[in-house]
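Undergrad: Would you be able to build a 3D model of this:
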Amino acid sequence: QVQLVESGGGSVQAGGSLRLSCAASGYVYCSDDMSWYRQAPGKEREFVSAIDTDGSTNYADSVKGRFTISQDKPKNTVYLQMNSLKPEDTAMYSCKAPCFFGGTWLTYWGQGTQVTVSS
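TA: All right, here's what the predicted structure looks like:
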């Protein structure tokens, strides 16, 4: 069974920082093409950041210059360093990755980690 497990969420004051991690567990190979999404209460899930197999990165305009995505390929882990956090960053953050399991590639989502930023 494939699991993507996020960690690192929490409650911080505006201007603070958090570092999220997403690791694939189980006997599975996940692509280096991984991404982060977030969903605030009452809102649609939105794209936050992604990293490609060649290491190129992409960010939502709302987090550019504040968030940094990186990965540890041998560990099948992706990170999201979040600095200068704002109350509007409050959301459930989830990672997504295509993983090879059971003879096929499928897209998997983690259960999410809550980030709460107070003003």
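Undergrad: what kind of secondary structure is the residue lying closest to Ala91 once chain neighbours are set aside in?
TA: In space, and not counting its chain neighbours, Ala91 is closest to Arg38: 3.8 Å by Cβ to Cβ, 6 or more residues apart in numbering. Using the backbone N, CA and C atoms, a C-beta is placed for each residue, glycine as well. Put simply, Arg38 is strand when judged by DSSP: H, G, I helix; E, B strand; the rest coil.
Undergrad: so what secondary structure elements neighbour the lowest-mean-pLDDT helix or strand in the chain?
TA: Across the helices and strands of the chain, the lowest-confidence element by mean pLDDT, DSSP states H and E is strand 29-30, at a mean of 84. When contacts are defined as 3 or more Cβ pairs under 8 Å, 6 or more residues apart in numbering; DSSP states H and E, strand 29-30 packs onto strand 91-101.
Undergrad: which residues touch the strand it packs on?
TA: 1-2, 4, 6, 9, 20, 22, 24, 26, 28-31, 33-40, 43, 45, 48, 78, 80, 105-115 (Cβ atoms under 8 Å, 6 or more residues apart in numbering).
Undergrad: Could you give the average pLDDT over the helix or strand that it is followed by?
TA: Using DSSP states H and E, the helix or strand that follows strand 91-101 in sequence is strand 104-109. The average of the pLDDT scores along strand 104-109 is 91.
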